[in-house]
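Build me a structure from this.
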Amino acid sequence: MAIGKRLNKAREGVDREKLYPLADAIKMVKERAKAKFDETIEVAINLGVDPRHADQMVRGVVTLPNGTGRTLRVGVFARGAKADEAKAAGADVVGAEDLVEKVQNGAIDFDRCIATPDMMPLVGRLGKVLGPRGLMPNPKIGTVTMDVTGAVKGAKGGSVEFRVEKAGIIQAGVGKASFSEDKLVENVKALADAVAKAKPAGSKGTYIQRVAVSSTMGPGVKVEPGTILG
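Numbers count the residues shown, from 1 in each chain. As a prediction, the model looks like this:
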């Protein structure tokens, strides 16, 4: 079946103007996730912020209670004992100057990047490479840290970074279509609570304005914003 026909069929029964309670929206999205692979369930949250202003930036990290269903490759910039610690914790790529050189040459073999504070002068040179990919380590989200073990295990265990985009939207994967409805609801609420706690001082008016959930190949379903908070 062509993608267009499949999507039109999946949209049947979804009122595109209606706001559904979170549990109902998740149920509808799961029922329509019919691809031949385990689709990712994603949530999009429109916020009442303008991220062009520094005091309205929203970002953070949250560990989803039921994981993401995705195995992340973790890269760590560290030396000596901290490099050994990273390897023992399960990091996929560990290095110092050698890893900087590889990344500069275009070899980025990781989905999450962690660095010890002493490595940041080196890692800072990679801003133009890692920044656009959302991989630049940042102490505010726990990816510049001496607790390398905790950061690596968090990344491997289901922690999700979120950051508001230019249009004021946060998008994140919150699990797989194979997850139970209850587990997906718990994950969405954990993300929403973390986003709510990250509300910046510069945000005025309604903070969480619109919410939608979808699967990789399925239609979006609008959600009542008040039902996503724990």
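
Every contact and neighbour count from this point should use C-alpha atoms.
Noted.

So which residues of this structure form strands?
Shown for the chain, the strands assigned by DSSP state E span residues 40-47, 59-63, 74-77, 93-95, 112-115, 159-163, 169-176, 208-215, 221-223.

Quick one: list the elements packing against the fifth one.
Right, the one you point to is strand 112-115. For strand 112-115, the packing partners by 3 or more C-alpha pairs under 8 Å, 6 or more residues apart in numbering; DSSP states H and E come out as strand 74-77, helix 148-157.

Show me the contact partners of it.
Contacts made with strand 112-115 from outside it, assessed by C-alpha atoms under 8 Å, 6 or more residues apart in numbering, are listed as 72-78, 123, 135-137, 143-145, 148, 151-152, 155.

repeat that with 7 Å
Around strand 112-115, the neighbours that count as contacts under C-alpha atoms under 7 Å, 6 or more residues apart in numbering are Arg73, Val74, Gly75, Val76, Phe77, Ala78, Leu135, Met136, Pro137, Thr143, Val144, Thr145.

now swap in the third one and tell me
By C-alpha under 7 Å, 6+ apart, the residues outside strand 74-77 that reach it are 86, 91-96, 110-116, 119, 152.

The residue found closest to Ala190 once you drop the neighbours it is linked to in the chain - how many residues pack around it?
Using C-alpha to C-alpha, 6 or more residues apart in numbering and skipping the chain neighbours, the partner closest in space to Ala190 is Leu64 (6.2 Å). Counted by other C-alpha atoms under 10 Å, the residues lying close to Leu64 total 22.

so what's Gly142 scoring on pLDDT?
The pLDDT attached to Gly142 in the predicted structure is 88.

What residues does it make contact with?
For Gly142, the contacting residues are Ala151, taking C-alpha under 7 Å, 6+ apart as the criterion.

Number the residues from 19 up from this point.
From this message on, residue numbering opens at 19, which makes the last subject Gly160.

Quick check: phi and psi at it.
Taking degrees, to the nearest 10, you get phi 80, psi 20 for the backbone angles of Gly160.

so how far is the helix of greatest length in the chain off the chain centroid?
Among the segments of the chain that qualify as a helix by DSSP state H, the longest is helix 199-215. Per C-alpha atoms, centre = their mean, to the nearest Å, the displacement of helix 199-215 from the mean C-alpha position of its chain is 12 Å.

Quick check: buried residues in that helix?
The neighbour-count criterion (16 or more other C-alpha atoms under 10 Å) identifies 199, 201-210, 212-213 as the buried residues of helix 199-215.

picking up where we left off before, so which of the contacts of strand 92-95 wins on neighbours?
Of all the contacts of strand 92-95, Ala133 has the most neighbours under the rule other C-alpha under 10 Å, reaching 32 neighbours.

And that one, how far from Ala106?
In this view, Ala133 and Ala106 are 15 Å apart by C-alpha to C-alpha, to the nearest Å.

dump the residue contacts of Val79.
For Val79, the residues meeting the contact criterion (C-alpha under 7 Å, 6+ apart) are Ile159, Ser177, Val178, Glu179, Phe180.

Please name the nearest non-neighbouring residue to it.
For Val79, ignoring the flanking residues on the chain, the nearest one in space by C-alpha to C-alpha, 6+ apart is Glu179 at 4.3 Å.

pretty sure the one you found is touching Leu82, no?
No - at 10.5 Å, Glu179 does not count as touching Leu82 under the criterion of C-alpha atoms under 7 Å.

Report how many residues lie close to Pro157.
That count, for Pro157 with other C-alpha under 10 Å as the rule, works out to 12.
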